[in-house]
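> Give me the fold of what follows.
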Amino acid sequence: MGFETIKFKEPETGIGLITLSRPDRLNALSLDMVGELHALFLALMERKDLRILILTGEGRGFCSGADLKDARLRQEFPTSYPDPTVHLIAIQKRYADLVLEMRHLSQPIIAAVNGAAAGGGMCLALASDIVIAGPKAAFTPSFINIGLSGGEMGTTFFLPQKVGSGRAAEILLTGRTVDAQEAEKIGLVSRIVEENRLLEVAMEIAKTLLAKSPMGLRFTKEALNLSLTAPSLEAVIEFENRNQSMCCSTPDFFKAVEAFMKRKRV
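So this is what the prediction gives:
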């Protein structure tokens, strides 16, 4: 599958590496890039052999958000006051649906954030399952700074879950930048990694996940997704019960138990 604005390769069996590749624009999300990401995510939904995904950006930035200089964007969304219903279908849903697709993918997604993650770029990081960052990473919910709502592409859903509602409100209402050190401190990222080791560490995490059972990984992501919106503890536990009973009937489970018991006897 050939792309112009993103790169996709499989560095090892079972691991896919997605690289946003418009380094001259800090990997800004043009409509072409959005379309190519949609196409890739759709294809990955059918790839049961591909079990882990890594998402990163080429050059000195992760993703600077929607490309406001994109010729296609300016053509479809002129500077005159547009019909909001047209904007909703032609622009807004195209961007926001990327987040839904990321959450619907069975593969856990590791975001390796190298530099600026602004606007939609921050949203892509938030929608990932694991986020690691280089020391120059910076997260900016820039929407409020250009006259938009701070709620964009799931920010008001994911950010409070990660950093708490009060801190999320302050960040989204001010549109301020959260640097890598603060991001680690407040739980926006799981850890800071030396800049020249970011992809290396992402691969190490991917290999750790790859050693787990396919069903175990898939069901864990599904359970984490459900827990974000579940109406009660009982609903979450019932879903977890279903997952565990299904996993207990797989060969992977019996192999893992046997290996565990052998280690205990040593």
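> which element is residue 53 on?
Here residue 53, judged by DSSP states H and E, is contained in strand 52-57.
> pLDDT on the helix or strand following that strand, on average?
Note on strand 52-57: by DSSP H and E, the next helix or strand toward the C-terminus is strand 61-63. Averaging pLDDT along strand 61-63 yields 96.
> Quickly run through the sheet partners of the strand holding residue 53, with directions.
For strand 52-57, the paired strands and their directions (DSSP bridges) read strand 15-20 (parallel), strand 109-113 (parallel).
> can you put these in JSON lines and add distance to residue 145 and mean pLDDT?
Every C-beta, even on glycine, is put in place using the N, C-alpha and C of the backbone. Putting these into JSON lines (distance: least, C-beta to C-beta, whole Å; pLDDT from 0 to 100) gives the following:
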{"stretch": "strand 15-20", "distance to residue 145": "22", "mean pLDDT": "98"}
{"stretch": "strand 109-113", "distance to residue 145": "20", "mean pLDDT": "98"}
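> Any chance of JSON lines for those strands, columns mean neighbour count?
Formatted as JSON lines, the strands paired with strand 52-57 follow (neighbours: other C-beta atoms under 10 Å):
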{"stretch": "strand 15-20", "mean neighbour count": "22"}
{"stretch": "strand 109-113", "mean neighbour count": "27"}
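> Dump those strands to CSV, plus distance to residue 48.
What follows is the strands paired with strand 52-57, written out as CSV (distance: least, C-beta to C-beta, whole Å):
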stretch, distance to residue 48
strand 15-20, 12
strand 109-113, 16
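> Quick one: closest of the ones you listed to residue 66.
Minimum separation from residue 66 across the strands paired with strand 52-57 (C-beta to C-beta) falls at strand 15-20, 12.8 Å.
> Beyond that closest one, next helix or strand please.
Sequence-wise, the next helix or strand downstream of strand 15-20 (DSSP H and E) is helix 31-44.
> So for that next one, what gets flagged as buried?
Judged by neighbour count using 16 or more other C-beta atoms under 10 Å, the buried positions of helix 31-44 are 31, 32, 33, 34, 36, 37, 40, 41, 44.
> The third one and residue 188, how far apart?
Read it as residue 33. Per C-beta to C-beta, to the nearest Å, residue 33 is found 24 Å from residue 188.
> Skipping its backbone neighbours, what lies nearest the residue most central in space within the chain in space?
Centroid-nearest residue in the chain: residue 128, 2.2 Å away (criterion: C-alpha atoms, centre = their mean). In this structure, residue 128 finds its nearest non-sequential neighbour in residue 111, 3.7 Å apart by C-beta to C-beta, 6 or more residues apart in numbering.
> which residues touch that neighbour?
By C-beta atoms under 8 Å, 6 or more residues apart in numbering, residue 111 lies in contact with 54, 55, 56, 62, 124, 125, 128, 130, 131, 132.
> what's the answer for residue 162, then?
By C-beta under 8 Å, 6+ apart, the contact set of residue 162 is 126, 168, 186, 187, 188.
> Send me the strand holding residue 53 as CSV with only the CA atoms.
C-alpha atoms of strand 52-57 as CSV (Å, rounded to 0.1, in the frame of the first residue of the first chain):
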residue,chain,number,x,y,z
ILE,A,52,1.1,-4.1,17.9
LEU,A,53,1.3,-0.6,16.3
ILE,A,54,3.8,2.2,16.9
LEU,A,55,2.9,5.8,15.9
THR,A,56,5.5,8.5,15.5
GLY,A,57,6.4,11.5,13.5
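> Since that was my last question, I'll sign off now.
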